[in-house]
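[1] heads up, no residue letters with this:
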């Protein structure tokens with residue numbers, strides 16, 4: 001069974017930093033893209049940042065220049081360094097990974113359980 005386990009959320013003040021981590025565990029063949037999404041109360045889930053196996057990245061306009069996504073392929077782990085945090089960054093952050101269980105299997109998206117990030121003003 002595949003699991004994505006997130007850590008690193010919490011409560012910080014405006015301007016401070018947090019680093020989120022997400023490790024994929026279980027039995028699978030390979031991982032493709034990994035990313036972070038967030039969902040604020042009353043809003044739809046949105047992409048924050050994504051990264052390919054080769055390290056190409058994509059960011060939401062609202063976090064460009066403040067957030068950095070990275071990954072360690074050997075550890076099946078993706079990170080999100082969040083700097084200069086703002087109250088509008090408050091949300092539940094979800095890790096996402098596209099992976100396949102076997103070499104001949106289809107690719108599927110897996111999700112972490114979510115970690116709360118709260119920024120106080």
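    Arrived safely, thanks for sending. Predicted, not measured: the structure shown is a model, and the values here were computed from it.
[2] Residue 94: what's it in contact with?
    Listed by C-beta atoms under 8 Å, 6 or more residues apart in numbering, the contact set of residue 94 reads 6, 36, 37, 38, 39, 45, 111, 112, 113, 114. For glycine as for every other residue, the C-beta is placed from the backbone atoms N, C-alpha and C.
[3] Buried only: go through those for me.
    6, 36, 37, 38, 112, 114 (16 or more other C-beta atoms under 10 Å).
[4] surely the last one meets residue 92?
    Read it as residue 114. Yes: counting by C-beta atoms under 8 Å, residue 114 touches residue 92, with 4.3 Å between them.
[5] shared neighbours of those two, anything?
    Both residue 114 and residue 92 are contacted by residue 39, under the criterion C-beta under 8 Å, 6+ apart.
[6] In strands, which of the contacts of residue 94 fall?
    By the criterion of DSSP state E, membership of the contacts of residue 94 in strands covers 6, 36, 37, 38, 39, 111.
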